[in-house]
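Engineer: Test case, fold it:
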Amino acid sequence: MALAGKVQGAAPGLLGFDCNTPVTAKVAQAFVSSGYSFCVRYLSRTTQGRSDLSAAEANIILDAGLALMAVQHVRKPGWEPTADLGQQDGAAAAKNAALVGFPAGVNIWCDLEGVLKGTSAQAVIDYCNNWFAEVANAGFIPGLYVGDSCILDDGQLMSLKFQHYWRSQSNVPNVRSRGYQMIQLFPEVTKNGIGIDIDVTQSDYKKGQVQWLARATKAARAGAGS
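Structural biologist: Model prediction:
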């Protein structure tokens with residue numbers, strides 16, 4: 001069943017978090033009370049696990065007044081991207097996003113980090129573009145999280161099919177002529193009893209914004225781009 005809510009462009013300067021821990025109603029409300037506007041939770045590369053986002057948790061997060069997006073788990077550092085792997089991972093991301101109930105038009109994020117040193121830029125590009133195609137063909141808007149050891153430089157990042165980029169707290173290249181729509185501020189911290197990374201929204205150089213799902217609550221209205 002599709003999650004209720006509206007796909008919205010995120011206003012700049014809004015505070016959010018990403019975490020690899022299921023968010024309870026109590027924790028979600030604590031984040032809203034602390035001034036947070038959105039949450040990013042995880043999708044599996046295979047079948048959704050106990051720590052991954054479920055439809056029930058998504059409704060808890062949205063009901064509390066947080067907007068919601070999802071990012072797919074990356075492999076352990078030292079992994080080797082390929083075109084076939086990009087297609088496989090993208091298909092899994094699209095399938096799991098649909099199972100959670102995300103509607104078309106929401107950003108689903110690919111996590112690009114920890115790539116094996118010496119991997120060719122073309123292999124990374126092929127992985128990313130195939131991942132993009134699978135997620136886009138399912139009706140979602142693919143986004144790219146740019147983390148440590150992404151291999152690609154600023155021009156190569158810009159050459160990808162993506163139009164939505166999320167910058168990690170690591171020292172990573174800018175995206176030439178586009179920039180980032182979301183910034184991860186610090187290494188992991190503990191907040192409201194769970195480990196999180198803190199994120200903030202911004203418009204990129206082309207006035208692009210992240211696209212999330214939100215309910216008609218105070219927090220969601222603050223993030224409305226339309």
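Engineer: Any regions of this structure where pLDDT drops low?
Structural biologist: 217-226 (pLDDT under 70).
Engineer: show me where the protein has strands.
Structural biologist: Residue ranges of the strands in the chain, as given by DSSP state E, are 6-9, 15-18, 38-43, 67-72, 107-112, 141-146, 165-167, 182-184, 189-191, 194-201, 211-214.
Engineer: Of these, which is nearest residue 131?
Structural biologist: strand 107-112 (5.0 Å; C-beta to C-beta). Where you see a C-beta, it was placed from the backbone N, CA and C, and this is true even at glycine.
Engineer: need the strands of the chain in a markdown table with distance to residue 155 and mean neighbour count, can you?
Structural biologist: Output for the strands of the chain, formatted as a markdown table (distance: least, C-beta to C-beta, whole Å; neighbours: other C-beta atoms under 10 Å):
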| stretch | distance to residue 155 | mean neighbour count |
| --- | --- | --- |
| strand 6-9 | 26 | 18 |
| strand 15-18 | 27 | 22 |
| strand 38-43 | 27 | 26 |
| strand 67-72 | 24 | 26 |
| strand 107-112 | 15 | 26 |
| strand 141-146 | 13 | 24 |
| strand 165-167 | 13 | 25 |
| strand 182-184 | 20 | 23 |
| strand 189-191 | 33 | 12 |
| strand 194-201 | 25 | 19 |
| strand 211-214 | 25 | 25 |
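Engineer: Save those as JSON lines, and put in distance to residue 129 too.
Structural biologist: Below are these laid out as JSON lines (distance: least, C-beta to C-beta, whole Å):
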{"stretch": "strand 6-9", "distance to residue 129": "24"}
{"stretch": "strand 15-18", "distance to residue 129": "24"}
{"stretch": "strand 38-43", "distance to residue 129": "19"}
{"stretch": "strand 67-72", "distance to residue 129": "15"}
{"stretch": "strand 107-112", "distance to residue 129": "10"}
{"stretch": "strand 141-146", "distance to residue 129": "10"}
{"stretch": "strand 165-167", "distance to residue 129": "14"}
{"stretch": "strand 182-184", "distance to residue 129": "21"}
{"stretch": "strand 189-191", "distance to residue 129": "34"}
{"stretch": "strand 194-201", "distance to residue 129": "25"}
{"stretch": "strand 211-214", "distance to residue 129": "20"}
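Engineer: ok, and what's touching stretch 18-30?
Structural biologist: Applying C-beta atoms under 8 Å, 6 or more residues apart in numbering, the external contacts of stretch 18-30 come out as 31, 39-42, 50-51, 53-54, 57, 60-61, 63-66, 71, 184, 192-197, 199.
Engineer: So which bits of that stretch are buried?
Structural biologist: 18-19, 22-24, 27-30 (16 or more other C-beta atoms under 10 Å).
Engineer: likewise stretch 43-62?
Structural biologist: 43-45, 48, 52-54, 57-62.
Engineer: any idea how far that stretch is from the chain center?
Structural biologist: Relative to its parent chain, stretch 43-62 has a centroid offset of 13 Å by C-alpha atoms, centre = their mean, to the nearest Å.
Engineer: CA-only coordinates of that stretch, as PDB, when you get a sec.
Structural biologist: As requested, C-alpha coordinates have been extracted for stretch 43-62 and formatted as PDB (Å, rounded to 0.1, in the frame of the first residue of the first chain):
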ATOM      1  CA  LEU A  43      17.000   0.000   2.000                       C
ATOM      2  CA  SER A  44      18.700  -3.300   1.500                       C
ATOM      3  CA  ARG A  45      20.600  -4.500  -1.500                       C
ATOM      4  CA  THR A  46      18.600  -7.800  -1.200                       C
ATOM      5  CA  THR A  47      15.600  -8.400   1.100                       C
ATOM      6  CA  GLN A  48      14.800  -5.800   3.700                       C
ATOM      7  CA  GLY A  49      16.200  -6.800   7.100                       C
ATOM      8  CA  ARG A  50      15.100  -6.100  10.600                       C
ATOM      9  CA  SER A  51      17.100  -2.900  10.800                       C
ATOM     10  CA  ASP A  52      16.000  -1.600   7.400                       C
ATOM     11  CA  LEU A  53      13.000   0.700   6.700                       C
ATOM     12  CA  SER A  54       9.600  -0.900   6.800                       C
ATOM     13  CA  ALA A  55       6.100   0.400   5.800                       C
ATOM     14  CA  ALA A  56       5.100   0.500   9.500                       C
ATOM     15  CA  GLU A  57       8.200   2.500  10.500                       C
ATOM     16  CA  ALA A  58       7.700   4.900   7.500                       C
ATOM     17  CA  ASN A  59       4.200   5.600   8.700                       C
ATOM     18  CA  ILE A  60       5.500   6.300  12.300                       C
ATOM     19  CA  ILE A  61       8.100   8.700  10.900                       C
ATOM     20  CA  LEU A  62       5.700  10.500   8.700                       C
END
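Engineer: Thanks a lot, see you next time.
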